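Enquirer: Everything below, folded, please.
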Amino acid sequence: MDTFVLAATSFTIAVSLMISGKRGKLYAAFSGLCAAVFISRIALFLQDYFDEEFLKKIEYWGLLAVAPSALYFFRLLTRNKSFVLKKTTLAFSFISVVGAAAVLTTSAPAAAVRVVLLGYVFFACVLCYAALILHERTLPSGTEKKRLGYLIWACPIAFAAAHMNFLNHWGANLPVVSGIVSSLLLYFILLIIAYPQLRELHEFFARSLIIIISTLAGAVILQGALWLSGKDVLSFTGLLTASFLIVISLSPTRFILRKIFGYFYPDSQDVFTSLYEFDEKLEKEKSLLLAEMAPVMAHEIRNPLGSIKGAAQYLQSEAATVEQKELLNIIVDGTDRLNGVVSRFLDYARPDQLNLQPQNINAIVKKAVSVMAADSLTEKIILIQELDETLPDAAVDEQRLMQVILNLMLNAVEAMPDGGMLTLRTASLKSDGEGEIMMSVSDTGKGISQEEIKDIFKPFFTTKERGVGLGLAICQKIIRGHGGSIRVQSIPGCGTEFVIRLKAAEFSEGDNPT
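Expert: Purely as a prediction, here's the structure:
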């Protein structure tokens, strides 16, 4: 069963990458590596049920394909800057081709051939690991170095965990888990290459934790179903294995079915919408309805507001006492404030018409800083810019993005009435064929409580005495309109940081990682 888990996992990853539409040599190389692992492991698994000589040959061919596939993948992962060069991969490919021809005529015992081939694969993996370490040491401090560092630690940990059953020679009685551990390592590598936006180790653990929790929940459900039906309950390992295979197979299966149904029934995409996703669809419909109603409501409110303000201003000129003028000033100020609320409501409700053009994000940040620096509110504020000068362009609407940055900076300044540091950072996250830009605005102000932070992007939620509560909601809408994301993290009494992620406009394979 352990062998089958690795076979099923590698097959699922290979198929997922093939059908997901992700382009780039790195994805193709990892898909090919997983396919080679699948071929060797499924052939070995089937040998327990079918005593056929050709299954052994298929297993040998799969193992022979793993070595050059691993070298090619790690050569791309290190961007051709390690000692695992093209000639090394070609040499291993030649050896594998010769070996594939040799196994057709060999009469050596299967166990001996398997040991030799596993040693061959192990040697290739050692080369890959050494190349990864040397490449990671040459990288400057940054996201790429950190992510590859995680992989450098994960590989020996996985190797040790996969071979713990050797302790059985001293009476440890441990199960064979090499296939399960190898599956987890393949999934971790998939996260490394497919999600360049993941930077911290806890983010990788969070994604892995979703798989683990789903697997445990599935195992409990399977065990309960077997118990209710009066069937023999599987072993705990068997239940976990079955549940894990179901969990990792759901996404590619749904994707394939969506493609098939989309071809024959173009209007039937709603059949793939879960009950929970219908809420999201309902929210989109509400947004469309709001966009239609907002201009009508604004017109109906602004007309009487204009009349009220005009009348109050006329009466101001006729007022006989100071008290009367002050009361009329309150009316004028109130109408101006209501008009401002209506304007912001319109900004939030109306669909964004973005003029997306390739722009240098650093230039926009610098322009926003110069605008804010001219404001007297920043007299006690220290403005810090930590900008990545290798930042690629991004397709953005300059004016709308400027609006977001200025709003976040203004909020930060207001959170530091006694002064503090306002820091703007940019960074580039790159992977093969695609990338992302990170921009953050952080302050050393009073921070936001955990109770408030969950509602901070909700319309009309505000902690300010005279706030409208639409500023951050509009910021989130603008960033989402760019296909990006915005999140906030805060420690009360220490400060707040808003992090924006946007897709880079274009990447080339020759770009250096940061």
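
Enquirer: Find me the pLDDT at Tyr463, would you?
Expert: Actually, residue 463 is Thr. It isn't Tyr. Looking at Thr463, its pLDDT stands at 66.

Enquirer: same question, Leu132
Expert: Note for Leu132: predicted pLDDT of 90.

Enquirer: now do Gln450
Expert: Gln450 is given a pLDDT of 79.

Enquirer: So that it lines up with my notes, have the first residue be 535 from now on.
Expert: In the new numbering, first residue 535, that becomes Gln984.

Enquirer: Give me the number of neighbouring residues for it.
Expert: Residues contacting Gln984 under the criterion other C-beta atoms under 10 Å number 10. C-beta here means a position set from N, CA and C on the backbone, and glycine is covered the same way.

Enquirer: ditto for Gly653
Expert: 10.

Enquirer: again with Ala562
Expert: 17.

Enquirer: pretty sure it is in a helix, no?
Expert: Yes: counting by DSSP: H, G, I helix; E, B strand; the rest coil, one finds Ala562 located in a helix.

Enquirer: how far does the helix or strand containing Arg871 sit from the chain's center?
Expert: If you go by DSSP states H and E, Arg871 is part of helix 856-883. How far helix 856-883 lies from its chain's middle: 43 Å, per C-alpha atoms, centre = their mean, to the nearest Å.

Enquirer: mind listing what's buried in the helix or strand following it?
Expert: The helix or strand immediately downstream of helix 856-883 is strand 891-893, counting by DSSP H and E. For strand 891-893, a neighbour-count test (16 or more other C-beta atoms under 10 Å) marks Gln893 as buried.

Enquirer: Which other helices and strands does the next helix or strand after strand 891-893 contact?
Expert: Per DSSP H and E, the first helix or strand lying C-terminal to strand 891-893 is helix 895-907. Helices and strands touching helix 895-907, by 3 or more C-beta pairs under 8 Å, 6 or more residues apart in numbering; DSSP states H and E, are strand 915-920, strand 928-930, helix 932-948, strand 954-965, strand 968-977.

Enquirer: Return the list of strands paired to the first one, each annotated with direction.
Expert: Next to strand 915-920 in the sheet, as set by DSSP bridges, lie strand 954-965 (parallel).

Enquirer: Need the CA coordinates for the partner strand. PDB is fine.
Expert: Provided in PDB are the C-alpha atoms of strand 954-965 (Å, rounded to 0.1, in the frame of the first residue of the first chain):
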ATOM      1  CA  GLY A 954       6.700  57.200  14.200                       C
ATOM      2  CA  MET A 955       8.100  55.400  11.200                       C
ATOM      3  CA  LEU A 956       6.200  54.900   8.000                       C
ATOM      4  CA  THR A 957       7.900  52.200   5.800                       C
ATOM      5  CA  LEU A 958       7.100  51.300   2.200                       C
ATOM      6  CA  ARG A 959       8.600  48.200   0.800                       C
ATOM      7  CA  THR A 960       8.600  46.400  -2.600                       C
ATOM      8  CA  ALA A 961       9.900  43.000  -3.500                       C
ATOM      9  CA  SER A 962       9.800  40.700  -6.500                       C
ATOM     10  CA  LEU A 963       8.700  37.100  -6.300                       C
ATOM     11  CA  LYS A 964       9.700  35.100  -9.300                       C
ATOM     12  CA  SER A 965       9.200  31.600 -10.600                       C
END
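
Enquirer: angle of that strand against strand 968-977?
Expert: 170 degrees (axes from the mean of the first three to the mean of the last three C-alpha atoms, to 10 degrees).

Enquirer: Now do strand 954-965, average pLDDT.
Expert: 80.

Enquirer: and the angle from that strand to helix 932-948?
Expert: Going by the same axes, to 10 degrees, strand 954-965 makes 140 degrees with helix 932-948.

Enquirer: Please point out which parts of strand 954-965 sit buried.
Expert: By 16+ other C-beta under 10 Å, the buried positions in strand 954-965 come out as Gly954, Leu956, Thr957, Leu958, Arg959, Thr960, Ala961, Ser962, Leu963, Lys964, Ser965.

Enquirer: now, which of the residues you listed sits nearest Phe608?
Expert: Ser965 (14.8 Å; C-beta to C-beta).

Enquirer: For Gly844, the count of nearby residues, please.
Expert: A count of nearby residues for Gly844, using other C-beta under 10 Å, gives 12.

Enquirer: buried residues in stretch 577-596?
Expert: 577-581, 589-596.

Enquirer: and of the residues you listed, the nearest to Met943?
Expert: Among the buried residues of stretch 577-596, Gly596 lies closest to Met943 (C-beta to C-beta), at 56.5 Å.

Enquirer: Spatially nearest residue to the closest one, not counting backbone neighbours?
Expert: In space, and not counting its chain neighbours, Gly596 is closest to Ser574: 2.8 Å by C-beta to C-beta, 6 or more residues apart in numbering.

Enquirer: The one you found and Arg648: what is the separation?
Expert: Computed as C-beta to C-beta, to the nearest Å, the Ser574 to Arg648 distance reads 10 Å.

Enquirer: And the two? Which one has more around it.
Expert: Ser574 (27 against 17).

Enquirer: Contact partners for that one?
Expert: Applying C-beta atoms under 8 Å, 6 or more residues apart in numbering to Ser574 gives the contacts Ile592, Glu593, Tyr594, Trp595, Gly596, Leu597, Ala599, Val600.

Enquirer: quick check, the third one in a helix?
Expert: Okay, so that is Tyr594. Yes: counting by three-state DSSP, Tyr594 falls inside a helix.

Enquirer: who touches the closest residue to it other than its chain neighbours in this structure?
Expert: Leaving out its chain neighbours, the residue that sits closest to Tyr594 by C-beta to C-beta, 6+ apart is Val637, at 4.4 Å. Counting by C-beta under 8 Å, 6+ apart, Val637 touches Lys591, Tyr594, Trp595, Leu598, Val647.

Enquirer: ok, now with 10 Å
Expert: Lys590, Lys591, Ile592, Glu593, Tyr594, Trp595, Leu597, Leu598, Val647, Leu651 (C-beta atoms under 10 Å, 6 or more residues apart in numbering).

Enquirer: Which of the helices or strands spans the first one?
Expert: When elements are assigned from DSSP H and E, Lys590 belongs to helix 587-611.

Enquirer: so what secondary structure elements neighbour that helix?
Expert: For helix 587-611, the packing partners by 3 or more C-beta pairs under 10 Å, 6 or more residues apart in numbering; DSSP states H and E come out as helix 559-580, helix 620-636, helix 644-672, helix 712-728.
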